[in-house]
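**Q** When you get a sec, could you give me coordinates for this:
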Amino acid sequence: MEFIRITGAREHNLKGIDVDIPKRQLTVVTGVSGSGKSSLVFDTVAAESQRQLNETYTAFVRNRMPHYGQPDVDGIENLSAAIVVDQKRLGGGVRSTVGTVTDIYSLLRLLWSRAAQPHVGESTAFSFNDPAGMCPRCSGLGTVSTIDVEQLVDRDRSLNEGAIRFPTFQVGGWTWRIYADSGQFDLDKPLRDYGRREWAALLHGTDVPPDANRTQTYEGLLPRFERIWLPKDVEALTGRTRREFERVVTRGRCPDCAGTRLNAAARSARIEGRSIAECAALEADELAKFVRGIDAPGCEPVLAGLRAQLQRLVDIGLGYLSMDRATSSLSGGESQRVKMVRHLGSSLVDMIYVFDEPSVGLHPSDVAQLTALLAELRDKGNTVLVVEHDPDVIEVADHVIDIGPMAGVDGGELGYSGDVEGLRRTDTATGVYLRTRTELKREPRRSEQAAIEIRGATRHNLHDVDIDIPRGVLTVVTGVAGSGKSTLIHGFVPQVCPDAVLLDQGSIRGSRRSMPATWTGILDPIRALFAAASGADATLFSPNSGGGCPDCHGLGVTYTDLAFLDPMVSVCERCDGRRFTEEALSHRYRGHDIGQVLSLSAGEATELFAGRRRIEPVLRGLVDVGLGYLTLGQPLTTLSGGERQRLKLAVELLRPGGVYVFDEPTTGLHPGDVHRLLDLLDRLVDGGATVVVIEHNLDVIARADHVIDLGPGPGRHGGRVIFQGTPADLVHATDSRTATHLRRVTS
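**A** Reported below is the predicted structural model:
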């Protein structure tokens, strides 16, 4: 057997480990959160593979490709080209759909161009991203946008008073000056007093040059706003900009194409009575059934490709997705599985496929389909590397590598390398979990208060759903992927409980300057301690203020803009990554300079700041939620979705009470850490809170006070309440997929 031989891996917290990874096998790398799994798989193996592959290109091409630094490792032998299939959400903007990103829609276009009647042209005639096929009114977007002038401007104000109510048109700004310096308007006159020509000039522009020194006319407010802002993907906007955009712009379905994005000619062509737009709106399993029934002589290769791709989508548990579903609406787990479908159709062999927790977002009943697809990739002659916590994925591995024993500085060691049975006999956290049965909660649940009543919930695949969420207890909402869990909870709980706190895996607001110390608010009291000990101003101890290194501006790294490519990141040579000036680093608090403090993990910092009431409770919260390995200065942009959610939880633990909604909080957690998370959720409930968790994890379901199970299937096959009650009663349910797997792990 051939091996990928790694010697002396020291990337991040790895402690010079040596390990052999069998080639053309399915290897699962596991270990507690923060132990170094990703450092080994992504930052060492995948990074070195991609770096060496890039070096085969000319310098001209390399300068236009993403830059990969050489990982800290003594050597890697027998390395193949690596393909990373991560959980980053699929981009592509408003024109990207499930059909376009999987090439299924491309095959549909080819089929319709050959077999549909009437014949309307080549495959581009069915593309909503090509002028030949797109709806002329909405330009292939499926929606039309209307600017509400009364929301865009305040007629009671003058231009000097900020009459244009949008962030990029603020008084004194560059865009505002276009109108202020045009000489066309009285800057102190309220817009309500404008004459007809003056009002038209402001909104629509004028053919008259603004003044004698200019030869070009200026754009009116509406044409400029339409050109710059209407093409933008609203989902990509954040914060105030998105709120203001949604206030000013109203989006609705295009009346000409009814949201299908296509022109009349493309919509008129049909196969077996259906247009390509109607087929794109079908769920994948329904479309697969329709395609299997098509008899089109001369189109057999196209039909074969369509059937294979659609079946892969169904097999991976995404049969509920339609081809016209926007990729921006997919979760991280769904995005990763869509990427997997693309690679399953590849004829490449002897590659290294690297997956990052592909079971995320999957119900236990769908994991078997996932493992079958991983095995299919392996059986084609590829090496499959999977970072994973799910025991059902671990069980099918040919080889397991366990990293540990703990997280951060206490991890980075090779705990085990071998088969699954050998791992089960070890004393590692993973081995202990694999031989431990799940305990079903059988004691009477905590006393309930008045329930949160949701009546007649109808949205997406939900049809007139009624549920009661008991207050004062831990409720788990479960069901297969696509059954309607998020639609029900995120869509209707805030309506009934406007003060509910939603703790999802979305990005925490903040730039690459943000870190746990700033986001949790403990950097201010830390700076105050340094200021008191040194007599210096507190701003000296902020990397974003007076103490920041002037070369990297307190980031510790410098960014080289590569235009349309990812920026190249390098450690700042002046401060050597420490972020601060020499003056700031010259002061100490209990033997540590401010740079060293930000390099401490939350667990280490707890000892340094013991007894500090504004600091220690926050640090202990980070440790309690399993983030004790995070350094205080780690950029928030590097945190996973699960880490971001637990960071929010750490802060909420300081102010218990109210209604909390969690969306798969076990994402990224080792099974051994799940019980710690459950203890924290119980602490919230015991403090008077109502906790609602959307989750597939069977350990969480078993510990719930109340379970709501949706299904029975995904998409149009779901959207119904299958069960409401205790976990002890759920195991006796006969029509629930969740019950089937709960019985399996608790019996």
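**Q** so residue 170 sits right up against residue 162, yeah?
**A** Yes: contact criterion CB atoms under 8 Å: residue 170 and residue 162 qualify, at 6.9 Å. From N, CA and C alone the C-beta is placed, and that goes for glycine too.
**Q** okay, the two: which has more neighbours?
**A** residue 162 (16 against 13; other CB atoms under 10 Å).
**Q** In contact with the more buried one, which residues are there?
**A** By CB atoms under 8 Å, 6 or more residues apart in numbering, the contact list for residue 162 reads 154, 170, 171.
**Q** ok, now residue 389?
**A** 30, 357, 359, 668, 669, 670, 671.
**Q** Which single one of these is nearest to residue 398?
**A** Minimum distance to residue 398 across the contacts of residue 389 is 13.9 Å, recorded for residue 30 (CB to CB).
**Q** Give me the nearest residue to the closest one, chain neighbours excluded.
**A** Once flanking residues are discounted, residue 30 sits nearest to residue 430: 5.1 Å by CB to CB, 6 or more residues apart in numbering.
**Q** so that neighbour, which of the three states?
**A** helix (DSSP: H, G, I helix; E, B strand; the rest coil).
**Q** Show me the helices in the stretch 51-200 of the chain, by range?
**A** For the stretch 51-200 of the chain, applying DSSP state H, counting those that start in this stretch gives helices covering 59-62, 98-101, 104-115, 149-152, 174-180, 196-204.
**Q** do the stretch 201-350 of the chain as well
**A** Counting by DSSP H, counting those that start in this stretch, the helices of the stretch 201-350 of the chain are 221-228, 239-248, 264-268, 276-280, 284-292, 300-315, 332-344.
**Q** I'd like the ones you listed written out as a markdown table, with mean neighbour count added.
**A** Output for these, formatted as a markdown table (neighbours: other CB atoms under 10 Å):
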| stretch | mean neighbour count |
| --- | --- |
| helix 221-228 | 16 |
| helix 239-248 | 14 |
| helix 264-268 | 17 |
| helix 276-280 | 22 |
| helix 284-292 | 20 |
| helix 300-315 | 18 |
| helix 332-344 | 22 |
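**Q** returning to that earlier point: which one of the helices of the stretch 51-200 of the chain lies closest to residue 678?
**A** helix 98-101 (34.6 Å).
**Q** any idea of the mean pLDDT in the closest one?
**A** Regarding helix 98-101, the rounded mean pLDDT is 93.
**Q** With stretch 116-124 instead?
**A** For stretch 116-124, mean pLDDT rounds to 94.
**Q** Then stretch 651-665?
**A** The pLDDT scores in stretch 651-665 average 85.
**Q** Check which residues of that stretch are buried.
**A** Burial within stretch 651-665, assessed by neighbour count using 16 or more other CB atoms under 10 Å, is assigned to 651, 652, 653, 658, 659, 660, 661, 662, 663, 664, 665.
**Q** Sort out which of those are in helices and list them.
**A** If you go by DSSP state H, the buried residues of stretch 651-665 have 651, 652 in helices.
**Q** Using TSV, please lay out the buried residues of stretch 651-665 together with distance to residue 103.
**A** Formatted as TSV, the buried residues of stretch 651-665 follow (distance: CB to CB, whole Å):
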residue	distance to residue 103
651	43
652	43
653	46
658	46
659	43
660	41
661	36
662	36
663	30
664	29
665	35
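**Q** could you redo the helices of the stretch 51-200 of the chain as CSV and give each row distance to residue 746 and mean neighbour count?
**A** Listed next are these as CSV, based on distance: least, CB to CB, whole Å; neighbours: other CB atoms under 10 Å:
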stretch, distance to residue 746, mean neighbour count
helix 59-62, 55, 9
helix 98-101, 36, 22
helix 104-115, 40, 22
helix 149-152, 55, 14
helix 174-180, 62, 16
helix 196-204, 67, 15
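**Q** After the helix or strand of the chain with the lowest mean pLDDT, which helix or strand is next?
**A** Scoring the helices and strands of the chain by mean pLDDT, DSSP states H and E places strand 568-571 at the bottom, with a mean of 71. Following strand 568-571 in sequence order, the next helix or strand is helix 582-585 (DSSP states H and E).
**Q** packing partners for that next one?
**A** Applying 3 or more CB pairs under 8 Å, 6 or more residues apart in numbering; DSSP states H and E, one finds that helix 582-585 contacts helix 594-599.
**Q** Mind listing what's buried along the helix it packs on?
**A** Here helix 594-599 shows 594, 595, 597, 598, 599 as buried, counting by 16+ other CB under 10 Å.
**Q** what's the answer for stretch 700-717, then?
**A** 700-715, 717.
**Q** quick one: which of the helices of the stretch 201-350 of the chain is nearest residue 372?
**A** Closest of these to residue 372 is helix 300-315, at 7.0 Å (criterion: CB to CB).
**Q** So what touches that closest one?
**A** 102-104, 107-108, 110-111, 114, 284-285, 287-288, 291-292, 294, 296, 319, 321, 338, 341, 344-345, 369, 372-373.
**Q** Tell me who's in contact with the closest residue to residue 548 other than its chain neighbours.
**A** Spatial nearest neighbour of residue 548, excluding adjacent residues (CB to CB, 6+ apart): residue 554 at 2.8 Å. Residues near residue 554 by CB under 8 Å, 6+ apart: 513, 542, 543, 544, 545, 547, 548, 579, 580.
**Q** Can you flag which of these belong to helices?
**A** Within those, no residue falls in helices by DSSP H.
**Q** can you put these in JSON lines and add distance to residue 257, pLDDT and neighbour count?
**A** Formatted as JSON lines, the contacts of residue 554 follow (distance: CB to CB, whole Å; pLDDT from 0 to 100; neighbours: other CB atoms under 10 Å):
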{"residue": "513", "distance to residue 257": "44", "pLDDT": "81", "neighbour count": "16"}
{"residue": "542", "distance to residue 257": "53", "pLDDT": "91", "neighbour count": "22"}
{"residue": "543", "distance to residue 257": "51", "pLDDT": "91", "neighbour count": "28"}
{"residue": "544", "distance to residue 257": "48", "pLDDT": "85", "neighbour count": "17"}
{"residue": "545", "distance to residue 257": "53", "pLDDT": "84", "neighbour count": "14"}
{"residue": "547", "distance to residue 257": "57", "pLDDT": "91", "neighbour count": "25"}
{"residue": "548", "distance to residue 257": "52", "pLDDT": "92", "neighbour count": "22"}
{"residue": "579", "distance to residue 257": "53", "pLDDT": "91", "neighbour count": "27"}
{"residue": "580", "distance to residue 257": "57", "pLDDT": "94", "neighbour count": "24"}
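**Q** quick one: the nearest residue to residue 250 once chain neighbours are set aside from residue 731, how far?
**A** Using CB to CB, 6+ apart and skipping residues adjacent in sequence, the residue nearest residue 250 is residue 146, 4.7 Å away. Residue 146 is 53 Å from residue 731, where distance means CB to CB, to the nearest Å.
**Q** Comparing those two, which residue is more hemmed in?
**A** residue 731 (18 against 11).
**Q** Relative to residue 745, how far out is that one?
**A** 10 Å.
**Q** Repeat that for residue 128.
**A** In terms of CB to CB, residue 128 sits 46 Å off from residue 745.
**Q** give me the element residue 6 is part of.
**A** Using DSSP H and E, residue 6 sits within strand 3-9.
**Q** Quick one: list the elements packing against that strand.
**A** Packing contacts for strand 3-9, counted by 3+ CB pairs under 8 Å, 6+ apart, involve strand 17-22, helix 37-40, strand 73-77.
**Q** Provide the strand pairings for that strand, with the direction of each partner.
**A** Partners of strand 3-9 in the sheet, by DSSP bridges, are strand 17-22 (antiparallel), strand 73-77 (antiparallel).
**Q** Identify each buried residue in the last one, please.
**A** Of the residues in strand 73-77, those buried by neighbour count under the rule 16+ other CB under 10 Å are 73, 76.
**Q** Many thanks, have a good one.
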